[in-house]
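**Q** using only what follows, build the 3D model:
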Amino acid sequence: MESAGTNTQPLGCDAPDLVTVPARQGLEAVDIIRRAASRAGGVGPVLHDGAGATLGFLVPPGTADGWDLPGSACTQTNGRGMRFGDLLPAAGNSGWLLPPDAVGAVTDPEVLRAALGEAARLIEAADNCR
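**A** Numbering: from 1, shown residues only. Predicted structure coming up:
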């Protein structure tokens, strides 16, 4: 997973893997990665599944083999359902939060892991203040 000064990887011939997280944590992670983008790269394409209240981050192929972050799942897509030119929601409230043509690369798994951890801590702190 080499990148020239950025933490996103280009979409290539290999189908990306998909990290799925609860929407609240995922939205926080998107914000965290975007705020840090000037020094750490950016966030890649993100799917929103409104019916399931989840976000899915596209990550490089092979990420699922070693992904073990509690509260999330990483699955190999093997290209199933990946129509990068289809920017309209596939069904109901589902669709691209950040479409591939707008960001053009997958998210670096280490950057995503750190952002999801920070997001979980922020959410826990906010929930404990209620």
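**Q** and the helices in this protein?
**A** For the chain, the helices defined by DSSP state H occupy 23-35, 37-40, 100-103, 109-128.
**Q** center of the protein, which residue is that?
**A** F57 (2.0 Å; Cα atoms, centre = their mean).
**Q** lowest confidence element among the helices and strands of this protein?
**A** strand 8-10 (a mean of 54; mean pLDDT, DSSP states H and E).
**Q** that older thread, okay, the helices of the chain, which one's buried deepest?
**A** Mean neighbour count (mean count of other Cβ atoms under 10 Å) peaks for helix 23-35 among the helices of the chain, with a mean of 19. Where C-beta positions appear, they are placed from N, C-alpha and C, glycine not excepted.
**Q** and that one, what does it pack against?
**A** strand 46-49, strand 54-59, helix 109-128 (3 or more Cβ pairs under 8 Å, 6 or more residues apart in numbering; DSSP states H and E).
**Q** possible to save the ones you listed as JSON lines with mean pLDDT and distance to A73?
**A** Shown next, in JSON lines, are the helices and strands packed on helix 23-35 (pLDDT from 0 to 100; distance: least, Cβ to Cβ, whole Å):
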{"stretch": "strand 46-49", "mean pLDDT": "92", "distance to A73": "12"}
{"stretch": "strand 54-59", "mean pLDDT": "95", "distance to A73": "9"}
{"stretch": "helix 109-128", "mean pLDDT": "94", "distance to A73": "12"}
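**Q** and the ones you listed: which comes nearest P100?
**A** Of all the helices and strands packed on helix 23-35, it is strand 54-59 that lies closest to P100, at 7.6 Å by Cβ to Cβ.
**Q** next one: the closest one to chain centre, how far?
**A** Chain-centre distance of strand 54-59: 4 Å, with Cα atoms, centre = their mean, to the nearest Å.
**Q** okay, angle between that strand and helix 109-128 too, please.
**A** Relative orientation of strand 54-59 versus helix 109-128 (axes from the mean of the first three to the mean of the last three Cα atoms, to 10 degrees): 160 degrees.
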